[in-house]
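Trainee: Model the following, please.
(one chain, ligands or ions: 1)
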Amino acid sequence: MHPTKITFYERFEPIILSGDKTITIRDEAESHYVPGTRVAVHTYETDRWFCDIEIRSVTPIQFDDLNEEHARQEHLSLEDLKRIIRDIYPELDSLYVIEYRLLARDPAG
Ligand SMILES: CC(=O)Nc1cc[nH]c(=O)n1
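Mentor: Numbering: from 1, shown residues only. Here you go, the predicted structure:
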C-alpha cells in the first residue's frame, strides 16, 4: 500500500500553503510516494491536517547535487537548504526529491 500521509514541520506551513514550496527532500524511508496520488499533509509537531497535495514525481538525488533550482523550489537559498537537510539527515547522501502540487487546504487555516 502506498503512503497517503506526509508530515512537515510547522514552520514550512505558510510556504506550502502559498504554493512557494513545491518540493520536499526526504530519505529512503519516505521515498515510496506514488506520482498521481493524493496525500494528506499534517504537521510533524501536532499531527494537525492542513492541506492535501498531489505527488508529481519522486527522484533520487545525491546531497552534493542539490542546486539552485532545488533551492528555488524549496523557497530557500541553496546555503539554507543544504544546512536544513544536513540538520534533518546528518551524514546521509542518498536522498529523494518529492515534487508535489497543492490540491486543497483547510478553509479555516
Ligand atoms: C517532518 C519532516 O521531516 N519534514 C521535512 C523534512 C525534509 N524536508 C521538508 O520539507 N520537511
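Trainee: in the helix ranked longest in the chain, what's buried?
Mentor: For the chain, the helix with the greatest residue count under DSSP state H is helix 78-88. Neighbour counts over helix 78-88 (16 or more other CB atoms under 10 Å) mark 81-82, 84-85 as buried. Every C-beta, even on glycine, is put in place using the N, C-alpha and C of the backbone.
Trainee: Sheet-wise, list the partners of whichever helix or strand comes after it with their directions.
Mentor: Per DSSP states H and E, the first helix or strand lying C-terminal to helix 78-88 is strand 94-105. Strands that pair with strand 94-105, judged by DSSP bridges, come out as strand 23-26 (antiparallel), strand 49-62 (antiparallel).
Trainee: The ligand is nearest to which of those?
Mentor: strand 23-26 (3.8 Å; CB to the nearest ligand atom).
Trainee: Is any residue of that closest one near the ligand?
Mentor: Yes. Applying CB under 6 Å from any ligand atom, one finds that strand 23-26 is in contact with the ligand at 24-26.
Trainee: Now flag whichever of the residues you listed is closest to Ile53.
Mentor: Thr24 (9.3 Å; CB to CB).
Trainee: To what extent is that closest one buried, counted in neighbours?
Mentor: Number of residues near Thr24 (other CB atoms under 10 Å) recorded here: 20.
Trainee: do the one 4 residues further on as well
Mentor: Residues within reach of Glu28, counting by other CB under 10 Å, total 11.
Trainee: got it, and Arg26?
Mentor: 19.
Trainee: Identify the bridge partners of it.
Mentor: Each beta-bridge partner of Arg26 is listed here, defined by DSSP bridges: Tyr96.
Trainee: Quick check: the gap between the residue of the chain most remote from its centre and the ligand.
Mentor: What lies farthest from the middle of the chain is Ala108; by CA atoms, centre = their mean that is 22.4 Å. Ala108 sits 22 Å away from the ligand, going by CB to the nearest ligand atom, to the nearest Å.
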